[in-house]
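Enquirer: Okay, structure incoming, though there's no sequence with it:
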């Protein structure tokens, strides 16, 4: 997979065979201000490459509108020309959802980066969709509020992309996905009309939940231009512990004990496999606080608002009880913010250090939380049978039943030979997930990467409903075609 | 309005003019078990009347299926005959959403009342849609879990209706509406096919969020037959206070202070107007704990899991600070569960005692929380101008910006004369709501009662999107026609 450049580039046959009309750029330039329409290769490159070099985009025109009106104008002109549009946020997605073909126009929302309003008393914030997630977090903090969406790419991903892909991250257990954090949306529709659903209401039962249709639709039903986000009280106390465990079922018991004692204060509950912790330690010089090795680890965070002093004893008493019950083999509580940061870095360092340990075949699965131990056992046996010596770099959000079940190449295997097994190993893991009524994409979405897998596992009735909705809102299939539903869904 | 019986009965012209074919009952009987098909008037009556006698249903056939398969069979046969179906749960809704016409078939889900599974480790429960809400709450409690949906009708409303109408209630501030409490759904579609979206996953990004389309669609897109509900840690400590306030803006400040100190422990924050408390006191013999009258009151509840002893000092310190800041004029904290129950009864008694105080013209509005004081001021002035002497019985969920802004007839006015002003007074209040970017139905839905108002206030682009979705999923408009979108939307 790393041998050939851009091995997953779009197959033109998978799209309606079109080309961009020669005069489209000129028409767009005539209707839009200077600097919005880019056609020079040097200007476009940043929007066509992605960090992993798994895909390479080819759009001959890149648009950078600065307002909803400019987005609407761009969409209308492209639609009139029958040319498909690929919307793009921070270009940090992991499933090729913003990769463009040579007959498509790429529309970047990055210049729509204004935080328009923070309303602390309504616990809301109104933002343009090109705002970088970290900037939104900071603006909330400046108003003594929390915007809890938090994920690895937060320094460059944009909220529009977070919403289009219904991003998850480390705080979902307590606060939900991007979907649950959204009160209102403004969306440019496939025909260039604007749906103004930019409501800052915590309750509204006047009609269908249109916002939820656009959120998570990966740009195939409309282009999100603005959003009203939900804010929360700031977390002023934070207790972090790393626990060594003997068995996945102990992790479940610990999670249940933690939620029973601390309720929503359980902000994160992350699983780390033994191998995952080992490579972080080896490649970052980070030190795990335990003498020996353990089969797996859980990173537990309790956090709360202004009730100082109650979380530390809660964490201590939780771990004491867990020791006594034989649920935890060893544990350490961070004594300072620095130490808490170090523990978190062990978890957050995994995706980067994994690259240093060799090629990875990745899965972003979920199953009911109660079935995670079952999944780990079955998948462990199956992948070892399918590829003896493969190393399991599993980590992720146990509290949500969401495991990044990544496979690292066996010692001594060639990386290219290993990566050539991507689809075969996907099938091994995903079949087990399907057998446990799980999801083959818990938080990363479908994009191009998993469109085939979606067709394979999804109930035909559900695919039919999705196609009907797509046809209802974008009959010509000009919004991000080929993503999510693949060829059949346009 | 109370003069004529069933004053809001369905205008037959508002529906496709059809009648139920003479042989449909026989065909249904042939395909469904004994006891499912009711045609005798005595058997049907319970499904055609509603407690308030505002509407009277007329369906000549009432179906009482006991399984998803029986619902699917019924829908298929009705669809083949071109006959519309009105789904019904506990028949407790407030907007006429389950009222049937003489050319329609009523389908009651009440016999599908099995709790199929409780999974405490996954924090989920799988239920049939005819389960009564209170039974679901009890089953959760028996598994040491909480199902937090809580509302006045919980002893008879059914979860299917709660989901179809996206029910709210008193705990939305902390836990969200019915929508946020749902992980998966099973739905019988307009053509009799079954969509199996009954997933027990806390995270799943594989396609459009179909469940959110069905939730809150008032039975117009499909009939919900089963659901996977989200459970939470039980609340084992509960502190309730009633606060007397001088001004709505003080209520906002108090809410913000409470959330800043206690975070999600703020489980309810209810507003009670002076007149609302007065009638409860007068008609129930309940005693308010304050010597004099105050312009308004806030009922505040903090609740938490197993961290005993921390909430009481948190409530005390909150109220002390609020006193010092001049935010609260007087306050009382319940010293026992009994006292807490008494305080809650003051709030919960309002809807019943309101009837004793005379006719009511009701509104279920929301605005951004920060604009509630503005709304109360503007609406107060406007309704007094429109009808001098009208008494404002406002109460509700300040934490969500959701106020039940009910108007009680002026002293000495005739009830019928007062109720004849329903639409005029609706327009006065709803225009102010629209001016504040609010909602004319925060939690009760649209049904028949507000279909006209929806058309009046909703953006035409949004109505168009809703009609497209309806056409995509129920092209013949045979599922609960005339509800929500009125005549035009079928």
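Expert: Cool, got the structure. Since we're looking at a predicted model, the values are computed, not measured. Numbers count the residues shown, from 1 in each chain, chains lettered A, B, ... in the order given.

Enquirer: Now the helix or strand residue A:316 falls within: buried residues?
Expert: Assessed by DSSP states H and E, residue A:316 sits inside helix A:311-324. Residues of helix A:311-324 classed as buried by neighbour count (16 or more other Cβ atoms under 10 Å in any protein chain shown): A:311, A:314, A:315, A:318, A:319, A:322. Yep, even glycine has a C-beta here, placed from its N, CA and C like the rest.

Enquirer: go on, stretch A:23-40?
Expert: Here stretch A:23-40 shows A:24, A:25, A:28, A:32, A:36, A:37, A:38, A:39 as buried, counting by 16+ other Cβ under 10 Å.

Enquirer: Which residues does it contact?
Expert: Stretch A:23-40 is contacted by residues A:44, A:60-66, A:70, A:73-74, A:77-78, A:81, A:83, A:105 when judged by Cβ atoms under 8 Å, 6 or more residues apart in numbering or on different chains.

Enquirer: Restrict the buried residues of helix A:311-324 to those that also contact chain B, please.
Expert: Contacts with chain B within the buried residues of helix A:311-324, as defined by Cβ under 8 Å from any Cβ of the partner chain: residue A:314.

Enquirer: Quick check: of the buried residues of helix A:311-324, which lies closest to chain B?
Expert: residue A:314 (5.8 Å; Cβ to the nearest Cβ).

Enquirer: What does the pLDDT read for the closest one?
Expert: With respect to pLDDT, residue A:314 has a value of 91.

Enquirer: Next: residue A:51.
Expert: 77.

Enquirer: And residue A:261, by the same measure?
Expert: 88.

Enquirer: That one: neighbouring residues, count only.
Expert: Residue A:261 has 21 neighbouring residues, counting by other Cβ atoms under 10 Å in any protein chain shown.

Enquirer: same thing with the one 10 residues further on?
Expert: Other residues lying near residue A:271 total 25 when counted by other Cβ under 10 Å.

Enquirer: hang on, the earlier thing: which one of the buried residues of stretch A:23-40 sits closest to residue B:230?
Expert: residue A:36 (43.9 Å; Cβ to Cβ).

Enquirer: ok, which stretches of the stretch 301-450 of chain A are strands?
Expert: Using DSSP state E, counting those that start in this stretch, the strands assigned to the stretch 301-450 of chain A run over residues A:330-333, A:360-361, A:364-366, A:391-397, A:402-408.

Enquirer: gap between stretch A:291-307 and the chain center?
Expert: 23 Å (Cα atoms, centre = their mean, to the nearest Å).

Enquirer: Let me know whether residue A:220 touches residue A:470 as I believe.
Expert: Yes. Using Cβ atoms under 8 Å, residue A:220 makes contact with residue A:470 at a distance of 6.3 Å.

Enquirer: higher neighbour count, those two?
Expert: Neighbours were counted for residue A:220 and for residue A:470 using other Cβ under 10 Å; residue A:220 has more, 28 against 23.

Enquirer: In terms of pLDDT, where does the nearest residue to that one once chain neighbours are set aside sit?
Expert: Using Cβ to Cβ, 6 or more residues apart in numbering or on different chains and skipping the chain neighbours, the partner closest in space to residue A:220 is residue A:480 (4.9 Å). Looking at residue A:480, its pLDDT is 97.

Enquirer: so who does residue A:480 touch?
Expert: A:84, A:85, A:86, A:87, A:97, A:218, A:219, A:220.

Enquirer: Could you list the low-pLDDT ranges of the stretch 1-150 of chain A?
Expert: A:1-17 (pLDDT under 70).

Enquirer: so how far is residue A:144 from the residue of it found nearest chain B?
Expert: Relative to chain B, the nearest point of the stretch 1-150 of chain A is residue A:121 (3.8 Å; Cβ to the nearest Cβ). Distance from residue A:121 to residue A:144, counting by Cβ to Cβ, to the nearest Å: 11 Å.

Enquirer: tell me what the helix or strand encompassing residue A:196 is packed against?
Expert: Assigned by DSSP H and E, residue A:196 belongs to strand A:194-197. Applying 3 or more Cβ pairs under 8 Å, 6 or more residues apart in numbering or on different chains; DSSP states H and E, one finds that strand A:194-197 contacts strand A:182-188, helix A:210-214, helix B:460-473.

Enquirer: For the last one, which outside residues touch it?
Expert: Outside of helix B:460-473, the residues that reach it under the criterion Cβ under 8 Å, 6+ apart are A:189, A:193-197, A:207-208, A:210, A:213, A:465, A:468-469, A:471-473, B:189-190, B:213, B:220-222, B:454-455, B:477, B:485, B:488-490.

Enquirer: List the buried residues of it.
Expert: B:462, B:463, B:465, B:466, B:467, B:468, B:469, B:470, B:472, B:473.

Enquirer: Please apply the same query to stretch A:397-415.
Expert: Going by 16+ other Cβ under 10 Å, stretch A:397-415 has these buried residues: A:397-409, A:413.

Enquirer: Keep those residues, but drop any that are not near chain B.
Expert: A:397, A:399, A:400, A:401, A:402.

Enquirer: ok, the last one - contacts?
Expert: Looking back up the chat, that one is residue A:402. So residue A:402 contacts A:168, A:172, A:364, A:365, A:366, A:396, A:442, A:443, B:202, B:203 (Cβ under 8 Å, 6+ apart).

Enquirer: For the stretch 301-450 of chain A, what lies in contact range of chain B?
Expert: A:304-307, A:310, A:314, A:366-371, A:397, A:399-402, A:437-446, A:450.

Enquirer: still on that earlier bit, pull out the buried members of the contacts of helix B:460-473.
Expert: Judged by 16+ other Cβ under 10 Å, buried ones among those: A:189, A:193-197, A:207-208, A:210, A:213, A:465, A:468-469, A:472-473, B:189-190, B:213, B:220-222, B:454-455, B:477, B:485, B:489-490.

Enquirer: Domain map for chain A?
Expert: Using automatic domain parsing, the domain parsing of chain A gives A:115-233, A:237-345, A:358-444.

Enquirer: ranking the ones you listed by burial, who's on top?
Expert: domain A:115-233 (a mean of 23; mean count of other Cβ atoms under 10 Å in any protein chain shown).

Enquirer: Between the two ends of it, how far is it?
Expert: Taking Cα to Cα, to the nearest Å, domain A:115-233 runs 19 Å from one end to the other.
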